[in-house]
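Asks: sharing a model that was predicted from the sequence below.
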Amino acid sequence: MQITSFKQYEEDYKKSVENPEQFWGEVAQNFQWRKPWFKVLSWNFNEPDIKWFEGAKLNITENCLDRHLAANGDKPAIIWEPNNPEEESVIYTYKMLHERVCRFANVLKRNGAKKGDRICIYMPMVPELAIAVLACARIGAVHSVIFGGFSAKSIADRINDSQCKVVITADGAYRGNKQIPLKDVIDDALIGCPTVEKCIVLTHVRTPVSMLKGRDVWWEDEVKHVNDICEAEEMDAEDILFILYTSGSTGKPKGVVHTCGGYMVYAGYTFANVFNYQPGEVYFCTADIGWITGHSYIVYGPLSQGATSVLFEGIPTYPSPSRFWDIVEKYKVNTLYTAPTAIRSLMSYGDDPLEGKDLSSIRVLGSVGEPINEEAWHWFDEKIGHGKAPIVDTWWQTETGGIMISPIATVTPTKPSFATLPLPGIQPILVDENGNEIEGNGVMGNLCIKFPWPGMLRTTYGDHERCKQTYFSTYENLYFTGDGCLRDEDGYYRITGRVDDVLNVSGHRIGTAEVENAINMHAGVVESAVVGYPHDVKGQGIYAFVIYPDMHGEAELSKKDILQTVTRVIGAIAKPDKILFVSGLPKTRSGKIMRRILRKIAEGDTGNLGDTSTLLDPGVVEEIIEAAKKL
Ligand code: PRX
């Protein structure tokens, strides 16, 4: 299944387009199935209705764990590096991980969970998070992991949307020198979640927590009551494996649904190829399992390939900006997969943190989550890869399940700030506003995909119509990514950023409407408009224009009040970087906010605001420009 030459890439690509069913059928043979499929693919982008490996039966955990036991049981599956470097790291071999997953799967059963039930996971980056995820998959329960930075209200909305029965959490989490009271946040969330029957709490930071009789149980107590034998549940290829909530251009996040068979094949195939993983190598992805990158490229992809995956609890700058390099040196990391925002942040500390660090083990570098600027690309290449490690700039999305457009390490060429070429099986096309295909090279357009791939989303949980409207209705018979894209003279793809109202802040997807809704919930705020602006480290920053006529106290304090409200409603990750109080917003006569103008003001580019004659009150623009200069 691993591509070893450019020629093979070209041949595989051709085959994947000419005969996709044969191509993916052969790839899927590299996985373990309880029963084979009778049809590789049936599809229809109008409904949408997509089925891969129809009729096949499997359990993804047998592919991630059981099948490695005989030959590689003692090989490290997960190396856990704690937040505090003074604390001991933990290595879980495949055998140990299998044992823990089976045991915890039995804990889930003991607490009433069964196949098809939804389970919310809100945990720090500890091995038990991966164990919880895999234990859900073991019994066929659907996991919905929520990133530790979301607020109680966000958690409650997500739990209620998918009617979770069980919650798995920890007392708290460490993040650098901060402690986050996870169980407290969950307690606030669960006040409004009638479907939750049980909450399993892992002891991690051992901060005092409230444990509600009948609902809350300790992880450590529960595992003592069960054994470690747990036969994997037989799943249909199209049964749901997990839900992951992500932001779109409307106010409400949607639950992206991935299914067992196709997702497994796609995560495993892309992992093995993009990173050119070799047996025995140590692979380190710095993402959080709360995002899709962690699902596909810390847990499922690497484990399905019997790889050794480093799971890091902390942050790149704690206790010092040398932390990543210390980890690379400590475990002789061969592949480092991280985000441009982390690269830019570490780059800003200069060369000192790299002094004396042995990075010679690095063979492959990866980037994900947002466009990587050339400066960061070159720094990563020269300082971290010493010009010898190919950088795979991987473009993909929560909805795509796995990497779509990317170099294949050591096989296909790289090009600074380009995701380069589609992987086999992926058929990207660029279209204009009207959905007409833009052919040839040296062109720009909206990026769509015209043929299904196994890892694609199947629906949005509980609301299939929304899936259809968001991804399959903008252009007929195409999956619309929401991204703008350039195809250069060589036919290489470069993602230029979102073309909808979705921001990408430090690689985190945040909808402008979501932030506006949160700001508008602040007492006294009349209206707000949120746009993105270029930010040196975060990629994009959040700029909020807010009408707040009778503010409570002085302006600076009122800004903090608003930040507090956003933190409560969404979480700290959505806090605006800049708030500008204004008396009005530029609107058309029909009442639509002219975001184009606000974006220009936020970017400090007020020389050419375009046509403002259609505005209801053109005067307001001058006022906003003046106020923005003083911010
Ligand atoms: O705009 C693209 C950007 O991140 C979006 C997807 O965000 P999310 O679903 O949170 O998944 C992030 C991790 C896969 C895309 O629509 N994006 C992701 N990777 C890249 C990127 N933009 C440019 N280059 C990339 N390599």
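Replies: Okay, I see it.
Asks: helices or strands up against the lengthiest helix in the chain?
Replies: Longest helix in the chain, counting residues (DSSP state H): helix 94-110. Here helix 94-110 touches helix 67-72, strand 76-81, helix 127-139, helix 219-222, going by 3 or more CB pairs under 8 Å, 6 or more residues apart in numbering; DSSP states H and E. C-betas here are computed from N, CA, C, even on glycine.
Asks: so the helix or strand just after the longest one, near the ligand or not?
Replies: Elements were assigned by DSSP states H and E; along the chain past helix 127-139, the next helix or strand is strand 142-145. No. Legend: contact between strand 142-145 and the ligand by CB under 6 Å from any ligand atom is lacking; minimum distance shown is 13.1 Å.
Asks: hey, which of the helices and strands packed on helix 94-110 is tucked in deepest?
Replies: Of those, the one with the most neighbours on average (mean count of other CB atoms under 10 Å) is helix 127-139, at a mean of 26.
Asks: for F271, grab the count of nearby residues.
Replies: 26 (other CB atoms under 10 Å).
Asks: my guess is it contacts V299. True?
Replies: No. F271 lies out of contact with V299 (CB atoms under 8 Å); the separation is 10.5 Å.
Asks: how many neighbouring residues does I429 have?
Replies: Neighbourhood size, I429 [other CB under 10 Å]: 18.
Asks: what do you get for K592?
Replies: 11.
Asks: ramachandran angles for it?
Replies: phi -80, psi 130 (degrees, to the nearest 10).
Asks: please give me every residue in contact with it.
Replies: Listed by CB atoms under 8 Å, 6 or more residues apart in numbering, the contact set of K592 is empty.
Asks: measure it to T614 for me?
Replies: 10 Å (CB to CB, to the nearest Å).
Asks: cool, and A113?
Replies: 56 Å.
Asks: of those two, who's got more company?
Replies: Between A113 and T614, counted using other CB under 10 Å, the more crowded position is A113 (25 against 13).
Asks: for K224, grab the count of nearby residues.
Replies: By other CB under 10 Å, 9 other residues sit near K224.
Asks: quick check: it is in a helix.
Replies: Yes. Assessed by DSSP: H, G, I helix; E, B strand; the rest coil, K224 belongs to a helix.
Asks: got the confidence number for it?
Replies: For K224, the pLDDT comes out at 98.
Asks: one more: G607?
Replies: So G607 comes in at 84 (pLDDT).
Asks: again, but for the one 5 residues further on
Replies: The score at T612 is 81. That number is its pLDDT.
Asks: how about the residues of the stretch 401-550 of the chain by the ligand?
Replies: Checking the stretch 401-550 of the chain against the ligand by CB under 6 Å from any ligand atom, the hits are 419, 481-483, 495, 498, 504, 509.
Asks: who wins for neighbours among the residues you listed?
Replies: That'd be A419 among those, by other CB under 10 Å, with 27 neighbours.
Asks: that one and L129, how far apart?
Replies: Counting by CB to CB, the gap from A419 to L129 is 29 Å.
Asks: so who does the nearest residue to H522 once chain neighbours are set aside touch?
Replies: Leaving aside its sequence neighbours, H522 sits nearest to T565 (CB to CB, 6 or more residues apart in numbering; 4.2 Å). Residues near T565 by CB under 8 Å, 6+ apart: 518-519, 521-522.
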